[in-house]
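**Student:** take this sequence and fold it.
(2 chains)
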Amino acid sequence: MTDVSTALASTLVTLTQVATVAVGGPLLVGLMRKVRCRLEGRVGPPIHQPLLDLRKLFAKQRIRPDHASWIFPAAPVILVATALVIAVVSPLVTTVPTWGRDADFFAVVFLLLLGSVFLALGGLDPGTPFGGMGASRAMTIGALAEPALLVSILALSIPAQTSNLPALVRSGLDQPHLLASPSRLLALGAFVVVVLAESGRLPVDNPSTHLELTMIHEALVLEYAGADLALVTLGESMRLALLLGLLVNLFVPWGVATHPGAAWVALGVVALAGKVAAAGVAIAVFEVFTAKLRLFRLPELLAGSLVLAVVAVVTALGVG
Amino acid sequence: MSSASLIIEAAAGFTAAVAGGTLPARLRVPAATVLTWGACASAAVAAVTVLQSGQPIVVNSTQILPLTGITLVLDPLGAVFVVVTAVVAVAATIYGLGYARHGLSTRTAAATLPLFVTSMLLVPAAGSVATFLWAWELMALSSLLLVLVDHRRREAARSAAQWYAVMTHIGVAAILFAFLMLSAHAGGQTFADIQAHAGGLSPAVRSAAFVLALIGFGSKAGAVPLHVWLPKAHPEAPSPASALMSGAMVSLGVYGIVRMGDGLLGGGPAWWWLAVIALGVVSALFGALHSATSTDLKRLLAYSTADNMGLVLIGVGASGLFAAEGSPALAALAMVAALLVLVNHAAFKGSLFLSAGSVQVATGTRDLDRLGGLMRRMPVSATIFMVGALAIAALPPLNGFVGEWLLFQSLLHGLAVSSTGVAVAVPIAVAALALTGGLTAAAFVKAMGIGFLGRPRSQEAARAGEVPRTMRFGAGLLAAACVVLGVAPMVVIPAIEQATLVVIPGVAEPLHGGVELELTGLRGVLSPVLLAVGLVLAVGVVVTLPRLLQVRRPQVRRPRVRRSDAWGCGRELQTARMQYTATSFAEPMQRVFNDVLRPAHDLDVSHTAESRYFIESIAYRTTIDDAVERRVYGPVIDFFRWWGGRARLLQNGSVHRYLAYGLVTLVVILVVLT
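**Tutor:** Residues are numbered from 1 along each chain as shown, chains lettered A, B, ... in the order given. Purely as a prediction, here's the structure:
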């Protein structure tokens, strides 16, 4: 009896977390658009517009280019599937997600990479110039962002002696003094740059222009239409929500549910939504005042982020 | 029984070589292949026996080789390498049945391939210096002949073989000196003698022996800057031989370093291992960077071999470093990680080289800029390549991911060792691991996306068709191994732990668990099965859920999916030439790393005869050659060439002058003697 109810409860928690990410992702994108529009003196679409767009796109016909193989339709599916798996195991709403034991930070990073790789392959598959351009740039930036990402994970993992995500979040709750340690703050700096790069925000990529030549992501997904495009959009917004969710929980863990129970989980959802929304607004405000960097200036930004991360590791070792 | 299987292995292998060299054309490849399987099977039996019992198999014979005799000692460390070699060899020879008429059916090739396999099976089983060097040299020479198999059709094979011959023999010389120093002191030439006396050596001799061995074995492992032969020889060899060289032979370089450093010398000071880590970091980054910018499919794979061996060396170096700092448990973890990366590398690199060979057979080219559209023309081979590519990019749920996870974990937990060397080396190693991972992903998105997706970029690619069944099966076998090792790494981890205990005795097994991989005594868990099942379930949900939720609008009746021209921003006529090529794909990367790669640009603009304002044609060429080769080896070669030129003055073909030399020498000798 108790086994069944525990299993049911944990399934519910998991579903809550996945639903929060799946619905919250598009809402987050809508919120960020709204903030940017208001700051630029425009009214802007309603916050739930991305959800409406998704509903419309899912009902539309899929159009597949003549020369594309099975990779083209598979890529969006894999993109969303990896985001789903991460949403299931990560400590977003609660630090005790059902499969939290296996939520290794390293694994999460490589799941994200799996999604990016398939999206790049999907961009190359139709055999058009834009897809190739997007794929080439996206993979270049992804490769350069990787060292900063993994080294900042290393810095975070040193005090906790593990790269298990729920344990990392819990260590922040148990030892709040670690959160303000120089090492954490440096790692935070590195991590924020990586999140901007991985999710294609300014100053790395401009999510709101539709000039394909200046863009990375928009060029990559140019050939997608209908339900395929809906999956791509959903996947990208989920990834943004996941990255920001992990960011806020690692650096400002308060509010995350530490025990099973409906009240805790509800509190966790609210806290997560609030924190991620705040982070999203901050990024949107930053984007209004920032210009996109030239593609070949990006390595400097990412190298700077790597330096921050390495200093974070050294500081963590010195303190520990 | 078990020592008999080692003898059967050698006998079958050499019989296969004889059969390949003597039988008539129709029989020689099948006969040699079957006998090679026999050798591999009996070697695998011996290895598995060793791994299960933990007891080495010893064979001593004074009759076979005059003066020194033959000593074979197969311990668990060697057994892991024997199993890896045997599996890659079986897959490559199955593939070779279909590939044979593309250059492997000649007498020389049919005799050399089994010889090569047999020598690689014997190297890890060698128990004395003479036996080891004998097998090592046989391996070097037989692989050299395999590189030369196609030399009549391709000029490049000759220069590649020259480079390989020189580099491998510099390596042999270094190894020979290292062994001579050790066995002179030990007073015997068996590994057991050397190991027993290594403790009493002076630190200077030990270090000299280790550095020489690192140079010798490092050149075999393709460690930068000793890698120059690798991106030349691997692409020129026939694909089954490339797969064997890259999957098995290169690993034996690492075997040598581990056997010498951890085994015979029993570990050493921290600076040895910091040097190994440095070598690993440089190889990983340099290899990954070149594979990200190469446009030749097999050259790309060869550079990525240097990159993967770099990762293995990082693991081996970290292991030695942790042991030197007094943490054997962490040392064992790092060694398990390194060996796991090595085993995984054999699986994915084997399948990648074999399917690259299929592409070459089907299209006649390895140039990515002339390929494309193969996913629809040769779906099985392309899918096999894709599995290998995703595995090498360390993407879950395939095997490369598990290896890199373990390597990362060992580095992370290694930071607990408080020493300056660790604090400096480990963050750099992690950054290198990460950058390598990103560059490898870019390299293999390029190989996959440009080579197999999109539209065919040449007539040859457009006409390509699927390759014979044996070739698909051989390559598919190794791709299947990538999946199995990715989902259930516990299949091989106990064997790797046995091997680790040989060089780092007296520690607990660093990993435990069946479905989950859990670090012993440390906080780190990974469940590859759960990851794989989760991904499959998630894909199921993503495919079915939108269909279930979809609101049907009855007035619209149309197919769900429509095929159409690509949109391409409304451009009406899309041609294959408009696509990105491998060169253009890698261009941003190449610009970012301009200072390391130093590409050569060449722009020719020719004008019409009437006016300089009208351009007739523009030719742009960019080549990325190996900066290490040009900068380091170029001057050395020039030096020898210059002295060679001087020597020619002495030797001008005139008999009179030669007689004069003889007279002068005689006079000088007489003067000196009197």
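**Student:** next to chain B, which bits of the stretch 201-320 of chain A? Give me the list.
**Tutor:** Proximity of the stretch 201-320 of chain A to chain B (Cβ under 8 Å from any Cβ of the partner chain) is limited to residues A:212, A:222-223, A:225, A:227, A:230-231, A:295-296, A:299, A:306, A:309-310, A:313-314, A:317. Bear in mind the C-beta positions are built from the backbone N, C-alpha and C, glycine included.
**Student:** could you rerun that using 10 Å?
**Tutor:** Counting by Cβ under 10 Å from any Cβ of the partner chain, the residues of the stretch 201-320 of chain A close to chain B are A:212-213, A:219, A:222-228, A:230-231, A:234-235, A:295-296, A:298-300, A:302-303, A:306, A:309-314, A:316-318, A:320.
**Student:** return the subset of those residues lying in helices.
**Tutor:** Counted as lying in helices by DSSP state H, out of those, are A:219, A:226-228, A:230-231, A:234-235, A:298-300, A:302-303, A:306, A:309-314, A:316-318.
**Student:** now, of the residues of the stretch 201-320 of chain A next to chain B, which are buried?
**Tutor:** Among those, those scoring as buried are A:212, A:219, A:222-228, A:230-231, A:234-235, A:295, A:298-299, A:302, A:306, A:309-314, A:316-317 (criterion: 16 or more other Cβ atoms under 10 Å in any protein chain shown).
**Student:** from the stretch 51-200 of chain A, which residue is nearest to chain B?
**Tutor:** A:Gly132 (2.5 Å; Cβ to the nearest Cβ).
**Student:** just the pLDDT at A:Ala303, thanks.
**Tutor:** Per-residue pLDDT puts A:Ala303 at 89.
**Student:** count the residues that sit near B:Gly471.
**Tutor:** One thing to correct before we go on: residue B:471 is Met, not Gly. 28 (other Cβ atoms under 10 Å in any protein chain shown).
**Student:** confidence score at residue 320?
**Tutor:** You didn't pick a chain, so chain A it is. Note on A:Gly320: pLDDT of 48.
**Student:** ah, I was thinking of chain B
**Tutor:** For B:Gly320, the predicted pLDDT is 94.
**Student:** could you say which helix or strand contains it?
**Tutor:** B:Gly320 belongs to helix B:297-324 when assigned by DSSP states H and E.
**Student:** likewise for B:Arg547?
**Tutor:** Assignment of secondary structure by DSSP H and E places B:Arg547 within helix B:528-549.
**Student:** repeat for B:Val73
**Tutor:** Using DSSP H and E, B:Val73 falls within strand B:70-74.
**Student:** I'd like the next helix or strand past that strand.
**Tutor:** helix B:76-99.
**Student:** residues in contact with B:Thr190?
**Tutor:** When contacts are counted by Cβ atoms under 10 Å, 6 or more residues apart in numbering or on different chains, B:Thr190 touches B:60, B:68-69, B:71, B:73, B:126-131, B:183, B:196.
**Student:** let's go with 8 Å and repeat that
**Tutor:** Neighbour list for B:Thr190: B:71, B:127-129 [criterion: Cβ atoms under 8 Å, 6 or more residues apart in numbering or on different chains].
**Student:** residue contacts, residue 317?
**Tutor:** Defaulting to chain A. By Cβ under 8 Å, 6+ apart, the neighbours of A:Leu317 are A:158, B:415, B:418, B:423.
**Student:** wrong one, I was asking about chain B
**Tutor:** Residues near B:Gly317 by Cβ under 8 Å, 6+ apart: B:273-280, B:425.
**Student:** what about the stretch 551-674 of chain B, any weak spots by pLDDT?
**Tutor:** B:551-557, B:572 (pLDDT under 70).
**Student:** and if we set it to 80?
**Tutor:** Scanning the stretch 551-674 of chain B with the threshold set as pLDDT under 80 gives B:551-560, B:568-574, B:652.
**Student:** then chain A?
**Tutor:** A:1-3, A:97-101, A:202, A:204, A:206-215, A:260-261, A:318-320.
**Student:** spell out the secondary structure type for the residue of chain B found nearest chain A.
**Tutor:** Using Cβ to the nearest Cβ, the closest approach of chain B to chain A is made by B:Tyr580 at 2.5 Å. Under DSSP: H, G, I helix; E, B strand; the rest coil, the three-state class of B:Tyr580 is coil.
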